[in-house]
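Peer 1: Build me a model from this:
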Amino acid sequence: MRVPGGAGVDLSSYPADATPAAPPDKAAALAHTALMGVRLAELQERLWAAGTAGDRRRVLLVLQGMDTSGKGGTVKHVIGQFNPSGCRIRAFKTPTPEERKHSFLWRIRRALPEAGEIGIFDRSHYEDVLIARVRALAPHREITDRYGEINRFEKSLADDGVTVVKVFLHISYEQQARRLLERLDNPDKHWKFNTGDIEERALWPEYQKAYEIALDRCSTPEAPWYLVPADRKWYRNWAVSKLLLEHLEALDPQYPKADFDVEESRKLLLAQTAEGG
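Peer 2: Residues are numbered from 1 along each chain as shown. Got it, this is the predicted structure:
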């Protein structure tokens with residue numbers, strides 16, 4: 001699933017309903033995902049605990065994809081078992097007037113995870129080379145320069161102890177239509193539908209091209225892109241869980257050792273309890 005940067009990317013060559021390296025069937029994948037959730041929660045707690053003792057390492061999960069590709073669903077099903085105290089979740093929408101006064105990376109820096117945290121970005125700084133490119137919201141030269149800015153920014157994160165995991169949720173044109181129709185057919189889902197989704201969908205080829213350029217130019221050794229087929233929700237959740245698990249296991253965070261005399265504290269507590277009784 002790792003995208004080889006600089007080799008060119010053709011999204012049409014990646015089937016969005018594929019299930020590379022998955023368990024044998026959906027039931028097995030769901031069971032495996034549940035087991036991974038337990039392990040992920042343990043590692044997340046260890047990372048959070050290590051951060052309280054001076055370990056500056058942290059993780060940033062970046063989720064990008066077309067509308068209905070499952071960014072929110074991934075947060076719900078993959079991140080749902082984490083301790084909220086150790087997570088920092090941010091959904092990036094249209095920049096506010098205040099954010100427009102600054103560099104496009106300004107609001108990103110303000111949302112980064114702190115030591116011991118896992119940060120999750122639902123959309124990210126890549127919107128500034130995706131929708132900005134498709135909608136011509138900035139001069140072409142400025143957008144071109146942003147790829148280099150992004151690479152330098154992400155390298156600086158990696159150098160500072162951030163493990164950057166960037167996931168492109170790859171959904172097909174046909175599957176997106178089915179999911180949008182499901183929202184229209186269910187009154188309980190109308191709040192998730194925006195008439196602008198139809199207008200954006202009309203620009204599908206332009207968005208696919210913009211993603212191809214971003215994936216190709218910004219998949220680096222320090223912060224590679226991972227392409228996850230997202231037509232099958234169960235596979236999407238399994239794959240993102242697997243990616244996070246591999247990265248957290250590589251970090252192998254440890255609970256910090258006590259900086260006090262454990263036995264002495266135990267004796268004091270027992271003595272206090274006895275006196276109180």
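Peer 1: And the helices in the stretch 151-277 of the chain?
Peer 2: For the stretch 151-277 of the chain, helices defined by DSSP state H, counting those that start in this stretch occupy the ranges 173-185, 196-201, 204-217, 233-251, 262-276.
Peer 1: Nearest approach to residue 156 belongs to which of the ones you listed?
Peer 2: In terms of Cβ to Cβ, the element of the helices of the stretch 151-277 of the chain nearest to residue 156 is helix 204-217, at 17.2 Å. The C-beta positions use only the backbone N, C-alpha and C, and glycine is treated the same way.
Peer 1: Low-confidence regions, the stretch 1-150 of the chain specifically.
Peer 2: The stretch 1-150 of the chain contains no residues with pLDDT under 70.
Peer 1: Name the nearest residue to residue 222, ignoring sequence neighbours.
Peer 2: Sequence neighbours aside, residue 158 is the residue nearest to residue 222 in space, at 4.0 Å (criterion: Cβ to Cβ, 6 or more residues apart in numbering).
Peer 1: number of nearby residues for the one you found?
Peer 2: Here the count is done by other Cβ atoms under 10 Å, and residue 158 has 15 residues near it.
Peer 1: Enumerate every residue touching it.
Peer 2: With contact set as Cβ atoms under 8 Å, 6 or more residues apart in numbering, residue 158 has these partners: 164, 222, 223.
Peer 1: I'd like those laid out as CSV, including distance to residue 110.
Peer 2: Supplementary listing: the contacts of residue 158 in CSV, determined by distance: Cβ to Cβ, whole Å:
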residue, distance to residue 110
164, 17
222, 21
223, 19
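Peer 1: Looking at those residues, spot the one nearest residue 233.
Peer 2: The shortest distance between residue 233 and any of the contacts of residue 158, using Cβ to Cβ, involves residue 164 and amounts to 24.4 Å.
Peer 1: What is the burial count for the closest one?
Peer 2: If you count neighbours by other Cβ under 10 Å, residue 164 ends up with 20.
Peer 1: give the contact list for residue 227.
Peer 2: Under the criterion of Cβ under 8 Å, 6+ apart, the neighbours of residue 227 are 1, 3, 14, 168, 170, 215.
Peer 1: on that earlier part again, figure out which of the helices of the stretch 151-277 of the chain is closest to residue 61.
Peer 2: Each of the helices of the stretch 151-277 of the chain has some distance to residue 61 by Cβ to Cβ; the shortest is helix 233-251, at 6.6 Å.
Peer 1: by contact count, what packs against that closest one?
Peer 2: Helix 233-251 makes packing contacts with helix 26-52, strand 58-65, helix 71-78, strand 162-170, strand 225-229 when contacts are defined by 3 or more Cβ pairs under 8 Å, 6 or more residues apart in numbering; DSSP states H and E.
Peer 1: CSV for the ones you listed, including distance to residue 254?
Peer 2: What follows is the helices and strands packed on helix 233-251, written out as CSV (distance: least, Cβ to Cβ, whole Å):
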stretch, distance to residue 254
helix 26-52, 6
strand 58-65, 15
helix 71-78, 23
strand 162-170, 16
strand 225-229, 26
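Peer 1: For residue 186, find the nearest of those.
Peer 2: Shortest distance between residue 186 and the helices and strands packed on helix 233-251, using Cβ to Cβ, is found for helix 71-78: 15.1 Å.
Peer 1: From the contact counts, what lies against that closest one?
Peer 2: For helix 71-78, the packing partners by 3+ Cβ pairs under 8 Å, 6+ apart come out as helix 26-52, strand 58-65, strand 118-122, strand 162-170, helix 233-251.
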